[in-house]
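Enquirer: Structural data only, the sequence is not supplied:
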């Protein structure tokens, strides 16, 4: 089971900050996002913007990156610290 | 009488840090420097280097600047603060 | 060599500079950046803000940014502190201190770390406005451009 | 708005930053530069240094440099302290603090002030070496180039 995290505005909109998910055939971040969007609203719109960032195991990654069931995958809006 | 000041290494080499001087016909810094160099050593060599800076009334100036008997004229090596 | 900290409590610039310079006589220059909470943003009065972060990732991300700066410039020591939690106007948010024997290296490394932090470190600000509402702060395009200027 | 001081006594960065930010909630960023005495210069061991200056001119020169920075960049407040007299390795020599609503303005203004100060403010360092001799420090060509990069 992969751990999937949602931060900041994204977590608020989705009303969840974390879930455990079996990735099955979803071998890339892009495939996982397709799966999440298939849940309908608000998932569909939230991932539609093209501005959601992803980190795999706490490293900035992108939607083409490979993922497996042992990974921690985090989705979040552009960062605004500093 | 103009006040002429010498700072740092220059003052040490000339063995004076200040003097009062009547400028007479010396209407520019360059003319004053010629006059000082005419005093012989160490004046002649110290002003020969081309690296001596001048301030007139506490403002950075150059050797073409006009001077008069009411001025404070300061000569010094390149600055090394900070 | 460097100190990285994500913390709720405030920091003191002089204390951090002393910690860097403690017992050392080979440091020629330090440059310190402090980011502060302003009481206005996008024409609205800000009463306070909450800084959320991604705890597992922030330390790693900040360490990576400091390492990259240390590879590009001569950095003798570095301190990076980022606060999280509840902050109010005039509160300090972030501190970057760089010690170097050359002042330009210190300036560049410090500026670089701030630009990268603003695009790559997982922190998010939520502002409480004086009218009682709250909102997530949007990333600014200018921060993306600022980080971009360091790319080869 | 700005504070300029030429003094023998030491300074405290945090105290100066607090003085700048005191009661203000509109400052987004501060950048602080501190120059320090190193124990090595040109391969020689430095035991201490004396900072001479041109008392009638230093204040004016520093004021002018800060004014020029404030014209070029958005500077909300500035503090410039330069020490004179006897200093030892690890002692603080100079402090420049810039407050601005934009971090890049703060970095640029602070860096500019240091570059100009190093070529235009009438201070001279005389080093005491560990072998008992002393020497006036020569101006570095690199400082001239650093100041030159700000010319249009």
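Expert: Arrived safely. None of the values given here were measured: they were computed from a predicted structure.

Enquirer: For the nearest residue to residue C:83 once chain neighbours are set aside, which three-state class applies?
Expert: With sequence-adjacent residues excluded and distances taken as C-beta to C-beta, 6 or more residues apart in numbering or on different chains, residue C:83 is closest to residue C:93, at 5.6 Å. All C-beta atoms are positioned from the backbone trio N, CA, C, and that covers glycine. At residue C:93 the chain is in strand, as set by DSSP: H, G, I helix; E, B strand; the rest coil.

Enquirer: repeat for residue C:34
Expert: Per three-state DSSP, residue C:34 ends up strand.

Enquirer: For stretch C:121-140, which residues meet the burial criterion?
Expert: By neighbour count with 16 or more other C-beta atoms under 10 Å in any protein chain shown, stretch C:121-140 contains the buried residues C:121-129, C:135-137, C:139.

Enquirer: mean confidence score for it?
Expert: When pLDDT is averaged over stretch C:121-140, the result is 95.

Enquirer: does it come close to chain D?
Expert: No - shown here: stretch C:121-140 not in contact with chain D (C-beta under 8 Å from any C-beta of the partner chain), separated by at least 11.0 Å.

Enquirer: Tell me which residues are up against that stretch.
Expert: A:7-9, A:12, A:55, A:74, A:76-82, C:41, C:44-54, C:57-58, C:61-62, C:65, C:82, C:84, C:119 (C-beta atoms under 8 Å, 6 or more residues apart in numbering or on different chains).

Enquirer: Quick check: end-to-end length of it?
Expert: 14 Å (C-alpha to C-alpha, to the nearest Å).

Enquirer: before we move on, back to that, list the ones among the contacts of stretch C:121-140 that fall in helices.
Expert: A:8-9, A:12, C:57-58, C:61-62, C:65, C:119 (DSSP state H).

Enquirer: I'd like the residues you listed written out as a markdown table, with neighbour count added.
Expert: Below are these laid out as a markdown table (neighbours: other C-beta atoms under 10 Å in any protein chain shown):
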| residue | neighbour count |
| --- | --- |
| A:8 | 24 |
| A:9 | 20 |
| A:12 | 14 |
| C:57 | 21 |
| C:58 | 20 |
| C:61 | 26 |
| C:62 | 27 |
| C:65 | 23 |
| C:119 | 22 |
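
Enquirer: one step back: quick one: contacts for the residue nearest to residue C:83?
Expert: A:81-82, C:35-37, C:51, C:82-83, C:87.

Enquirer: So for chain A, the centremost residue is which one?
Expert: residue A:75 (3.8 Å; C-alpha atoms, centre = their mean).

Enquirer: The residue of chain C found nearest chain B: neighbour count?
Expert: Relative to chain B, the nearest point of chain C is residue C:103 (8.3 Å; C-beta to the nearest C-beta). By the criterion of other C-beta atoms under 10 Å in any protein chain shown, residue C:103 has 24 neighbours.

Enquirer: Show me which residues of chain C sit near chain A.
Expert: Neighbours of chain A within chain C, by C-beta under 8 Å from any C-beta: C:35, C:51-54, C:56-57, C:60-61, C:82, C:93-94, C:114, C:117-126, C:136-139.
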